[in-house]
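Novice: No letters, just coordinates:
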């Protein structure tokens, strides 16, 4: 049970780091913040059986979609943290190193590229956006920050 709690805290730390990164990009580079309402709308429709949309912005609104989107964002982050520690085990948790958690964090972008983005109508790996390579690179950087946040949390907990 302690291992799962550690993973949950690591996922929480990684998600907070990702959100701080988004805030820094918004304030200093004018990068728009993630729209968690769209994620909430997509999640709400997914629970009702509709996974793929031409445009999530044109889909019917879902009650409390912004709160739902934030909840999904943090829930997925916590889930990833738990998955990671269950994969690497107690030896890694006792002596964390960055490379395994970074590789794992980069792998997790697959869910965004091949489920979330096409589900919201953005295409596979953001292929239907105006700047797909920018979206992909920014996603890889954000997931690197997620991994860094998980790693730093693991160090604090070890």
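Specialist: Now that the structure is in, tell me what you want to look at. The structure displayed is predicted, hence computed values, not measured ones. Residues are numbered from 1 along each chain as shown.
Novice: pretty sure residue 55 contacts residue 123?
Specialist: No: Residue 55 is beyond contact range of residue 123, at 11.1 Å (criterion: CB atoms under 8 Å). Yep, even glycine has a C-beta here, placed from its N, CA and C like the rest.
Novice: now the helices for the chain?
Specialist: For the chain, the helices defined by DSSP state H occupy 2-29, 36-47, 65-94, 98-107, 109-111, 117-119, 132-157.
Novice: Could you check which of residue 55 and residue 123 is surrounded by more residues?
Specialist: residue 123 (14 against 11; other CB atoms under 10 Å).
Novice: re the thing from before, with distance to residue 59, mean pLDDT and mean neighbour count as extra columns, can I get the helices of the chain in CSV?
Specialist: Shown next, in CSV, are the helices of the chain (distance: least, CB to CB, whole Å; pLDDT from 0 to 100; neighbours: other CB atoms under 10 Å):
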stretch, distance to residue 59, mean pLDDT, mean neighbour count
helix 2-29, 23, 98, 17
helix 36-47, 6, 97, 20
helix 65-94, 10, 98, 17
helix 98-107, 29, 98, 16
helix 109-111, 20, 97, 14
helix 117-119, 10, 98, 21
helix 132-157, 20, 98, 19
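Novice: quick one: contacts for residue 111?
Specialist: Applying CB atoms under 8 Å, 6 or more residues apart in numbering to residue 111 gives the contacts residue 76.
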